[in-house]
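1. Any chance you can model this:
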Amino acid sequence: MPIAVLTAGTVRRRLVPLACVLALGAGAAVAGGGSATAQTRTAAATSSVTTLAPGVTYWRDSFRNSRGRTVEAVLLQAKLGRHVTLQARTPGQLIGLQRQTLSALAKRAGAIGGINGDFFDLYSDTAPPRGGVINNSRVLKSPRLNRLANLYVRADGHAAIGAVPYVYSLSRAATTGRRAVTHSIYSLNSADDATNDHVVLINSTLASGDLYRGCEVASGHTVKGVQSITALARTRSVARPATGTWGLAACGSSADWLRANLRAGDRVTVSVSYPKGRPVVAIGGRRELVRNGLAYDDPTGSALSSWGPNPETFACVSKDGLTVLLGAIDGRVRTSVGVTYDQLTTYLLHLKCWSGVVFDGGGSTEMVAKLPGASTLSVLNHPAAGAERPIPDALVVVTK
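-> Take a look at the predicted model:
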């Protein structure tokens, strides 16, 4: 990935303790930080660090790009541990409910701060995030298969950015006149995947989802550990299953497979496994921009934006996985032009990020935090739309 010239590389962090920056990059200054510095030339300004809670700080940064235009960012750093954790939040902790503002999602979580999360369909008020959401080890929506742009926290409390592998499958034992069958399940609670000719598992964390004419849903329930199919129906949508029930949704040839191989009353086995362990928290993004302290051209990420400089939201994780930096870069406003993905990559290298991911940007870019002495959350950046945009998910910092 070519790296565009920024003027942030030699920023004089006049009031920021050096450790606050280097905490993100144990080893990154050697692995990747040098190339960013070599391509930059002038300094701008960084505000003093404000402590929001033990282990949680924030500060403001600004620099000039290669055309001399100002770019402003607000940064929130969390040192993970017993008293500082991350959460991935959605409206009602479901998928497919009415989108809510970041302030509302963070308030509901009792968070001290947070940022917006993944991309979504702007024209649907109930649009789900494109990628996965896991919170408190509960999978609300599975991560996108083989995608690297996920920020997740393992059971040991360490954060990372990368793929979250899983294996879902459906099997039915042989019965009189019917051979045993097995079929892969592509994802959990993604109606979009069902419309793309995959079998998708649906559970009670999906509030709603749109399919199209001719799709099939096989409903099932689990009683004393035994899983059975209760009904099959052609449908254009999926509704939230009741607790203890679930469904299998599919369209196209996958729907034909369900009709041909499942009947009401069939006993089946739906298995779900995470070969590298199920994360306690995970949220999807658009592209992994930095890996092992170096600029990274993510082969699994969504296409690079061609719109020019934009507001952008990002997160970095330190080499040891115990420090997470959240960032919101303003754009399309008088005080800040925004960045391209290449420029953002250079900026992350300047920040000594060991690994970094970009989330939804544009009018969705936002950071909120509860400032010292305040009883409510404040919006720390300048949303490009002039107000908070309702979003489907968020990554927030919670303190105890």
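2. neighbours around the closest residue to residue 166 other than its chain neighbours, how many?
-> Spatially, and ignoring its direct neighbours in sequence, residue 166 is nearest to residue 274 (5.0 Å; Cβ to Cβ, 6 or more residues apart in numbering). C-beta here means a position set from N, CA and C on the backbone, and glycine is covered the same way. For residue 274, the count of nearby residues is 16 (other Cβ atoms under 10 Å).
3. Residue 274 and residue 163 touch, don't they?
-> No: look at residue 274 against residue 163 with Cβ atoms under 8 Å: they stay out of range, at 11.2 Å.
4. Contacts only, for the closest residue to residue 175 other than its chain neighbours.
-> Counting by Cβ to Cβ, 6+ apart, residue 266 is the residue found nearest to residue 175 once chain neighbours are left out, at 7.9 Å. Applying Cβ atoms under 8 Å, 6 or more residues apart in numbering to residue 266 gives the contacts 172, 175, 228, 229.
5. So among the residues you listed, where is pLDDT lowest?
-> Ranked by pLDDT, the contacts of residue 266 bottom out at residue 175, which has 92.
6. what's that residue sitting at in phi/psi?
-> Note on residue 175: backbone dihedrals following degrees, to the nearest 10 are phi -130, psi 180.
7. what are the ranges of the helices in the stretch 1-150 of the chain?
-> Per DSSP state H, counting those that start in this stretch, the stretch 1-150 of the chain carries helices over the ranges 18-22, 28, 34-38, 102-109.
8. Could you do the stretch 201-350 of the chain as well?
-> Counting by DSSP H, counting those that start in this stretch, the helices of the stretch 201-350 of the chain are 252-261, 341-350.
9. buried residues in the first one?
-> It stands for helix 252-261. 252, 254, 255, 257, 258, 261 (16 or more other Cβ atoms under 10 Å).
10. what two of the residues you listed have the greatest distance between them?
-> 252 and 261 (15.1 Å; Cβ to Cβ).
11. wait, what's in contact with residue 362?
-> 310, 311, 332, 384.
12. burial count for the third one?
-> Residues lying near residue 332 (other Cβ under 10 Å) number 18.
13. do residue 45 as well
-> Residues within reach of residue 45, counting by other Cβ under 10 Å, total 15.
14. Looking at strand pairing, list the partners for the spatially closest residue to it that is not a sequence neighbour.
-> Excluding its sequence neighbours, the residue lying closest to residue 45 (Cβ to Cβ, 6+ apart) is residue 62, at 5.4 Å. Beta-bridge pairing of residue 62 under DSSP bridges involves residue 45, residue 72.
15. repeat for residue 357
-> Bridge pairing for residue 357 (DSSP bridges) gives the partners residue 288, residue 315.
16. please renumber so the chain begins at 36
-> Sure, I'll start counting at 36 from here, so that last one is residue 392.
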